[in-house]
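Visitor: Structure here, sequence nowhere to be found:
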């Protein structure tokens, strides 16, 4: 759904500024649009990872809030008591790492894993 929103924004952008571009600049436009689409779509990520023998899923999505760009990381492990954690940060490069840290802390707090298991997993 979020990729659809990004595509809609790009289309609105294109429709707004396309008439202002000369035919001579059409080649530039044809080059810029795919780059913008690729950059915007790279803001969303989904994946899987193994956490202490449990198959878990994570996702990252951007969101603008009060004129600032935030990244929301979400991690869940259905086989680990249905544990699910969402973490918000402004760091695109650290969002998955910080979401996993929040997930491990929550798992320890809920006594789904021990502190020693958490420390061992965080080292890896």
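Guide: Yes, it's here. Because the structure is predicted, anything quoted here is derived from the model rather than measured.

Visitor: pLDDT on the longest strand belonging to the chain, on average?
Guide: Secondary structure of the chain per DSSP state E: the longest strand is strand 54-65. Mean per-residue pLDDT for strand 54-65: 89.

Visitor: State the next helix or strand along the chain beyond it.
Guide: For strand 54-65, the succeeding helix or strand toward the C-terminus, using DSSP states H and E, is strand 68-77.

Visitor: So which elements touch that following strand?
Guide: In terms of contacts (3 or more CB pairs under 8 Å, 6 or more residues apart in numbering; DSSP states H and E), strand 68-77 is packed against strand 54-65, strand 83-89, helix 95-109. For every residue, glycine as well, the C-beta is placed using N, CA and C.

Visitor: what lines up beside it in the sheet?
Guide: For strand 68-77, the pairing partners within the sheet under DSSP bridges are strand 54-65 (antiparallel), strand 83-89 (antiparallel).

Visitor: out of those strands, deepest packed?
Guide: Using mean count of other CB atoms under 10 Å, the stretch among these with the largest mean neighbour count is strand 83-89, at a mean of 17.

Visitor: Provide the contact partners of that one at residue level.
Guide: Identification of contacts with strand 83-89 by CB atoms under 8 Å, 6 or more residues apart in numbering yields 70-77, 95, 98-99, 102-103, 106-107, 110, 112.

Visitor: now the helices and strands packed on strand 68-77 as a markdown table including distance to residue 43?
Guide: Below are the helices and strands packed on strand 68-77 laid out as a markdown table (distance: least, CB to CB, whole Å):
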| stretch | distance to residue 43 |
| --- | --- |
| strand 54-65 | 4 |
| strand 83-89 | 13 |
| helix 95-109 | 10 |
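
Visitor: ok so, going back, report the buried members of the contacts of strand 83-89.
Guide: Among the contacts of strand 83-89, those buried by neighbour count (16 or more other CB atoms under 10 Å) are 70-75, 77, 95, 99, 102-103, 106-107, 112.
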